[in-house]
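Novice: Dropping a prediction and its sequence here:
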Amino acid sequence: MPKPSRATHQLESPDSFDVGRYLDGIVGLLGGTANVIMQLSTPPVGYGVVESRVDSGNVMLHPVKRLRTTVTYLSVALLGTDAERTAYREAVDVSHRQVRSTGSSPVRYNAFDPALQLWVAACLYWGAQDLHERMHGPVDEATADAFYRFSARMGTTLQMPEAMWPTDRNAFAEYWTTHLANTSIDPTVRTYFDDLIDLRMLPRPARWTFGRVHRFFVTGLLPQHLRDEMGMTWTARDERALDLILRTLGATTSKLPSPVRAFPLNAYLLDLRIRRRLGLPLV
């Protein structure tokens with residue numbers, strides 16, 4: 001996490017921020033499952049997904065569609081226009097209306113709860129910032145502040161009011177520390193996470209080929225508290241290996257042309273625009 005921010009009144013506005021400097025495209029997807037675990041580690045979000053009756057969005061049943069929905073959301077939040085964010089929010093709302101706890105649910109939840117959406121957005125921001133610094137090193141304070149303010153879009157593209165986004169990085173650090181300490185993973189949700197990490201939604205040859213390396217990246221990109229909740233082991237040697245891999249990837253991607261570096265976010269945004277033009281479902 002970067003140092004607490006200085007006053008932000010002299011910084012560029014979120015609308016003028018060039019987010020392309022933070023995009024690492026396909027490499028950025030390495031942190032996807034770890035980020036899902038962060039989001040779902042707060043029980044209302046975790047059970048909202050585990051108990052969801054929206055089968056079309058179930059990653060275990062429809063992994064390709066789930067990937068498209070998730071990456072399209074990120075592409076719209078980060079790269080889309082105001083109109084595109086509004087259209088995608090309305091499409092997601094249709095699915096979210098069905099995500100509510102029942103009388104038998106162990107915790108109460110509602111997908112429209114802005115406090116839960118704030119936590120999801122916070123995880124996305126923290127994960128993006130952490131992975132970027134691991135790959136490319138720290139950025140200057142002004143850029144870090146501008147990216148933080150821009151990242152409110154990862155919540156406001158849902159139903160989170162912008163006023164809920166912590167005022168600055170200092171306020172965010174306090175929010176993050178407090179809420180991360182209160183996360184917990186019970187056996188039901190842990191089983192779901194293990195299935196995700198071990199790629200149980202994929203054919204066996206793919207699981208056998210990629211499952212072990214996937215678990216390595218997921219473990220390394222989780223905060224220590226959540227590793228402990230998952231019963232994961234992570235050594236200093238593992239950390240050195242991950243640092244070397246990520247710095248090497250960062251050095252490589254920084255030399256790529258911007259459209260290549262932004263892939264597949266730019267491709268999914270194009271897909272959304274085509275779907276809107278043709279009147280096809282967005283989710």
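Specialist: Yep, that arrived. If you're wondering where the values come from, they're calculated on a predicted model, not measured in any experiment.
Novice: Every contact and neighbour count from this point should use C-alpha atoms.
Specialist: Will do.
Novice: where along the stretch 1-150 of the chain do the strands fall?
Specialist: Per DSSP state E, counting those that start in this stretch, the stretch 1-150 of the chain carries no strands over any range.
Novice: Helices of that one, start to end?
Specialist: 25-28, 32-40, 43-50, 63-79, 82-96, 114-136, 141-150 (DSSP state H, counting those that start in this stretch).
Novice: So which of the ones you listed is nearest residue 161?
Specialist: Among these, the nearest to residue 161 by CA to CA is helix 114-136 (7.3 Å).
Novice: Show me what that closest one is packed against.
Specialist: Taking 3 or more CA pairs under 8 Å, 6 or more residues apart in numbering; DSSP states H and E as contact, the helices and strands that helix 114-136 lies on are helix 32-40, helix 153-156, helix 236-253.
Novice: Who are the packing partners of the second one?
Specialist: Using 3+ CA pairs under 8 Å, 6+ apart as the contact criterion, the neighbours of helix 153-156 among helices and strands are helix 63-79, helix 114-136.
Novice: So for that helix, mean pLDDT?
Specialist: Averaged across helix 153-156, the pLDDT comes to 94.
Novice: Next: stretch 74-91.
Specialist: In this model, stretch 74-91 carries a mean pLDDT of 93.
Novice: Could you tell me the end-to-end distance of that stretch?
Specialist: For stretch 74-91, the first-to-last residue distance is 14 Å (CA to CA, to the nearest Å).
Novice: if we can go back for a sec, so which of the helices and strands packed on helix 114-136 comes closest to residue 210?
Specialist: That would be helix 32-40 among the helices and strands packed on helix 114-136, by CA to CA, at 13.4 Å.
Novice: Report the inter-axis angle for the closest one versus helix 43-50.
Specialist: Orientation of helix 32-40 against helix 43-50 (axes from the mean of the first three to the mean of the last three CA atoms, to 10 degrees) gives an angle of 120 degrees.
Novice: Please compute how far helix 32-40 lies from its chain's middle.
Specialist: Mean-position distance between helix 32-40 and its chain equals 7 Å (CA atoms, centre = their mean, to the nearest Å).
Novice: what about the helices and strands packed on helix 153-156, which gets the closest to residue 221?
Specialist: helix 114-136 (7.9 Å).
Novice: and that closest one, average pLDDT?
Specialist: Average pLDDT, helix 114-136: 95.
Novice: Report the angle between that helix and helix 43-50.
Specialist: Using the same axes, to 10 degrees: helix 114-136 against helix 43-50 is 90 degrees.
Novice: Give me the neighbour count for residue 154.
Specialist: 23 (other CA atoms under 10 Å).
Novice: residues in contact with it?
Specialist: For residue 154, the contacting residues are 74, 77-78, 121, 124-125, by CA atoms under 8 Å, 6 or more residues apart in numbering.
Novice: Top of those by number of neighbours, please.
Specialist: Compared across the contacts of residue 154, residue 77 has the highest neighbour count, 26 neighbours, by other CA under 10 Å.
Novice: who touches that one in this structure?
Specialist: Residue 77 neighbours (CA under 8 Å, 6+ apart): 85, 153-154, 157.
Novice: Residue 107 now?
Specialist: Contacts of residue 107 by CA under 8 Å, 6+ apart are 43-44, 47, 101.
Novice: Please produce TSV containing the residues you listed, extended by neighbour count and pLDDT.
Specialist: TSV is the format used below for the contacts of residue 107 (neighbours: other CA atoms under 10 Å; pLDDT from 0 to 100):
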residue	neighbour count	pLDDT
43	20	89
44	22	90
47	22	87
101	18	83
